[in-house]
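Chemist: Next come a sequence and a model predicted from it.
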Amino acid sequence: MLIIAGVLVGFGTRLGSGCTSGHGICGISRLSKRSIIATMSFMFAGFITVYVVRHMLGAI
């Protein structure tokens, strides 16, 4: 599972033209529309992942 997650992070970084920190800190402070959308996407994906792991997979 961790290998798949790492590959997806690498793919997302390439697709989003930057890392989560770069978009979240630098991009939003510059009011970059692209960075705001990217950061919202990262947050949404994180929320969905936590929900699936905690509620659907039964993780503690």
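Modeler: Great, that's in hand.
Chemist: And the helices in the chain?
Modeler: Using DSSP state H, the helices of the chain run over 2-15, 20-21, 28-29, 33-51.
Chemist: and these, which one's lowest on average pLDDT?
Modeler: When the helices of the chain are compared on mean pLDDT, helix 20-21 scores lowest, with a mean of 76.
Chemist: packing partners for that helix?
Modeler: Counting contacts by 3 or more Cβ pairs under 8 Å, 6 or more residues apart in numbering; DSSP states H and E, helix 20-21 packs against helix 33-51. Where you see a C-beta, it was placed from the backbone N, CA and C, and this is true even at glycine.
Chemist: need the helices of the chain in JSON lines with distance to L57 and mean neighbour count, can you?
Modeler: Below are the helices of the chain laid out as JSON lines (distance: least, Cβ to Cβ, whole Å; neighbours: other Cβ atoms under 10 Å):
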{"stretch": "helix 2-15", "distance to L57": "14", "mean neighbour count": "10"}
{"stretch": "helix 20-21", "distance to L57": "23", "mean neighbour count": "14"}
{"stretch": "helix 28-29", "distance to L57": "32", "mean neighbour count": "12"}
{"stretch": "helix 33-51", "distance to L57": "10", "mean neighbour count": "13"}
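Chemist: my read: A38 touches H23, true?
Modeler: Yes. With contacts defined as Cβ atoms under 8 Å, A38 counts as touching H23 at a distance of 4.4 Å.
Chemist: which neighbours do the two share?
Modeler: Both A38 and H23 are contacted by G16, under the criterion Cβ atoms under 8 Å, 6 or more residues apart in numbering.
Chemist: And the residue sitting nearest the centre point of the chain, how close does it get to G58?
Modeler: For the chain, the residue sitting closest to the mean C-alpha position, by Cα atoms, centre = their mean, is F42 at 2.8 Å. Taken as Cβ to Cβ, to the nearest Å, the spacing of F42 relative to G58 amounts to 25 Å.
Chemist: which residues touch I28?
Modeler: 35-36, 39 are the contacts of I28 under Cβ under 8 Å, 6+ apart.
Chemist: Thanks a lot, catch you later.
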